[in-house]
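S.K.: Fold the stuff below for me.
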Amino acid sequence: MYNPFSIADRIILVTGASSGIGRSTAIECSRMGAKLVITGRNEVRLQETLKALEGEGHLAVVADLTNEEQMDRLVEQVPALYGLVNNAGVMETLPTQFIKREKLEKVLEINTIAPILLTQKLLKNKKITTGGSIVFTCSISGTHIGVYGNVLYSTSKGAINAFVKNAALDLSQKRIRVNEVCPGMIDTRILDGSSITPDFLTAEMARYPFKRFGKPEEVAYGIIYLLSDASSFVTGTGIVIDGGFTLQ
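M.R.: All right, here's what the predicted structure looks like:
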């Protein structure tokens, strides 16, 4: 049956696949028939994701992408890829006047430097095929809105937003597309690991038109669209997946 959204038999690397949006993206891609290479820092949770994948032929590689040697080993192990989903990320909440170098470096290293370097290394080693697709998990924070106390995260995602636009032009000659999804608040482990209070989350949820946060799989569906041939004329752009939050 004709399906322009199909990603069947395509090999896709998903970073940050041990939880949240990364895990959901890997699972949903496997349900669509893709072959997955998944990576993350937590071996136990990464194996849980691997077991949840449908089909066969998937590969899990434990790697801390802030460690360049581990990143290089990952690049060596992956086969030729059709798709790359740069999803790994961390949130750090603090006001501008309390920024410290170590926190700034940590957030930028994980959210900005690591995905950019991984993309570069895969391209240099010809691991992303002509006609392939690269998708970054960005955010409405730093691209569409500002958020109190979210200066580090917003800065890291704003940089990714700029990278996507420029890389899309650079890679257009190879017919490799580069796009991003820009989620609003999504109910994932990244919220559990942040310093955001339950009271803040309750108040924030009330601001969303649907009176809830998004689900990881709802972001995964947008990523799958950008990986598929249905988006073959889409590059250098972002899909906002925020339940209408930025319409207000």
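
S.K.: Point me to the helix or strand that includes the closest residue to residue 231 other than its chain neighbours.
M.R.: The shortest distance from residue 231 to any non-neighbouring residue, by C-beta to C-beta, 6 or more residues apart in numbering, is to residue 225 (5.5 Å). Every C-beta, even on glycine, is put in place using the N, C-alpha and C of the backbone. In the assignment (DSSP states H and E), residue 225 maps to helix 216-227.

S.K.: Quick one: residues contacting residue 154.
M.R.: Counting by C-beta atoms under 8 Å, 6 or more residues apart in numbering, residue 154 touches 139, 141-142, 146-147.

S.K.: For the helix holding residue 225, name the packing helices and strands.
M.R.: Helix 216-227 sits against helix 20-31, strand 81-86, strand 128-137, strand 177-183, strand 238-241, with contacts defined as 3 or more C-beta pairs under 8 Å, 6 or more residues apart in numbering; DSSP states H and E.

S.K.: could the ones you listed go into CSV alongside mean neighbour count?
M.R.: Formatted as CSV, those follow (neighbours: other C-beta atoms under 10 Å):
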stretch, mean neighbour count
helix 20-31, 25
strand 81-86, 25
strand 128-137, 23
strand 177-183, 25
strand 238-241, 21
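
S.K.: mind checking which of these is nearest residue 96?
M.R.: Of all these, strand 177-183 sits nearest to residue 96, with 22.1 Å by C-beta to C-beta.

S.K.: Within the sheet, what are the partner strands of the closest one, with directions?
M.R.: Paired neighbours of strand 177-183 in the sheet (DSSP bridges): strand 128-137 (parallel), strand 238-241 (parallel).

S.K.: Just give me the neighbour total for the residue nearest to residue 231.
M.R.: When neighbours are counted by other C-beta atoms under 10 Å, residue 225 registers 18.

S.K.: Return the distance of it relative to residue 232.
M.R.: 11 Å (C-beta to C-beta, to the nearest Å).

S.K.: buried sites along the strand or helix carrying residue 170?
M.R.: Secondary structure from DSSP H and E places residue 170 in helix 151-171. Neighbour counts over helix 151-171 (16 or more other C-beta atoms under 10 Å) mark 151-161, 163-164, 167-168, 171 as buried.

S.K.: Looking at those, which one is closest to residue 80?
M.R.: residue 171 (15.7 Å).

S.K.: contacting residues for residue 133?
M.R.: Residue 133 makes contacts with 82-84, 176-179, 226-227, 231, as judged by C-beta under 8 Å, 6+ apart.

S.K.: I'd like to know how far it sits from residue 95.
M.R.: 37 Å.

S.K.: continuing past the worst-scoring helix or strand of the chain on mean pLDDT, what's the next helix or strand?
M.R.: Taking mean pLDDT, DSSP states H and E as the measure, the chain has helix 189-192 as its least confident helix or strand, at a mean of 62. Sequence-wise, the next helix or strand downstream of helix 189-192 (DSSP H and E) is helix 198-206.

S.K.: so how far is the helix holding residue 170 from its chain's centroid?
M.R.: 12 Å (C-alpha atoms, centre = their mean, to the nearest Å).

S.K.: and that helix with strand 177-183, angle?
M.R.: 160 degrees (axes from the mean of the first three to the mean of the last three C-alpha atoms, to 10 degrees).

S.K.: Helix 151-171 vs strand 81-86, what angle?
M.R.: 160 degrees.

S.K.: Can I get helix 151-171 in CSV? Just the C-alpha atoms.
M.R.: Extracted in CSV, the C-alpha atoms of helix 151-171 (Å, rounded to 0.1, in the frame of the first residue of the first chain):
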residue,chain,number,x,y,z
VAL,A,151,18.2,31.1,30.2
LEU,A,152,20.7,28.2,29.9
TYR,A,153,18.4,25.7,28.3
SER,A,154,16.9,28.4,26.0
THR,A,155,20.4,29.5,24.9
SER,A,156,21.4,26.0,24.1
LYS,A,157,18.3,25.4,22.0
GLY,A,158,18.5,28.8,20.3
ALA,A,159,22.0,27.8,19.1
ILE,A,160,20.6,24.5,17.7
ASN,A,161,17.9,26.5,15.9
ALA,A,162,20.5,28.5,14.1
PHE,A,163,22.6,25.5,13.3
VAL,A,164,19.6,23.7,11.7
LYS,A,165,19.0,26.6,9.3
ASN,A,166,22.7,26.9,8.2
ALA,A,167,23.4,23.2,8.0
ALA,A,168,20.3,22.7,5.9
LEU,A,169,21.8,25.0,3.3
ASP,A,170,25.3,23.4,3.5
LEU,A,171,23.9,19.9,3.1
